[in-house]
Each structure stands twice: as C-alpha cells, then as structure tokens.
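Colleague: Give me a model of this one.
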Amino acid sequence: MEQPTLYSLDHLVITAADMDATIAFYTHVLGMTHRTLDVPGERPRHALFFGAHKINLHQRGAEFEPKAAQANAGTADLCFLTEIPLDIWQAHLTATGTQIELGPVPRTGAQWPMQSLYVRDPDGNLIEIAIRAD
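Modeller: Reported below is the predicted structural model:
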C-alpha cells in the first residue's frame, strides 16, 4: 500500500487569553485581516487571514471542540514570510511599540536561507518575520 501524503496546511489555531489584544496585534502590527465567522448553532468564531492562509483564534478556557490536548496561550512559535525589507518592518514595529527580541539574524527556512526578526504577540507566542536572503 502506498504511503498517503499531505500537500498543504489549511489553517492553524492560536489560543488567546485576550481576544481583543490578539486581534489588534495581528491586524495592526502584522497586517492580517480579521473576520468573525458565523456558524449556525455555535457562538461566533474569530479568524485571521493573510495571503492564502488562515489562523483560527480560540479564547482560552472557551476553546472550540475538538481542541489540542494542551490548548494554552503563549505556546506557539510561528514563522511568517514577507517580501517587505526587514528595515521597513523594524521601523513599523518600533512605531507600533512592538519590542524586537532578536534580529535581523540569518536563519535556514524550509525552502531557502532567510533573514529574520523576532517579536512576541500579547500572549508571548514567538513570532518570526522572515524574508528570503539573497
């Protein structure tokens, strides 16, 4: 029997302690679009969109089922790709009051070498903003 394989990621979930602060960070700092999704018979769901990707947001203590075995805020480590030069990101992050933890530093991505900046979202999730290194 042939081994089945996966080809892409549809969405991921971030558990948020403060939904409003999380939405504000990902929209105002990272430039994502927030949508409230209405599912018949359920409470509204929050999602963030960027490019062809989606991040579902779960409120800590009120997660949608099924959920991760340890659905805790602040446990994610995510790398987002950009085509915007990192010096522009540095200026934007400074203007929004977002502390840069590290960078720019060289990193090895899934497809190519990168330069990365690291920040944290309101829950302490590690957020890497990376651009392809030439």
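
Colleague: which residues sit in contact with the residue nearest the centre of the chain?
Modeller: Against the mean C-alpha coordinate of the chain, by C-alpha atoms, centre = their mean, the closest residue is residue 78 at 5.8 Å. Each residue near residue 78 by C-beta atoms under 8 Å, 6 or more residues apart in numbering is listed here: 12, 125, 126, 127, 128. Backbone N, C-alpha and C define where each C-beta goes, glycine included.

Colleague: could you flag which of those are buried?
Modeller: The neighbour-count test (16 or more other C-beta atoms under 10 Å) applied to the contacts of residue 78 identifies 125, 126, 127, 128 as buried.

Colleague: any idea how far the first one lies from residue 73?
Modeller: Pointing back at residue 125 there. 8 Å (C-beta to C-beta, to the nearest Å).

Colleague: Same check on the third one?
Modeller: Distance of residue 127 to residue 73, computed by C-beta to C-beta: 14 Å.
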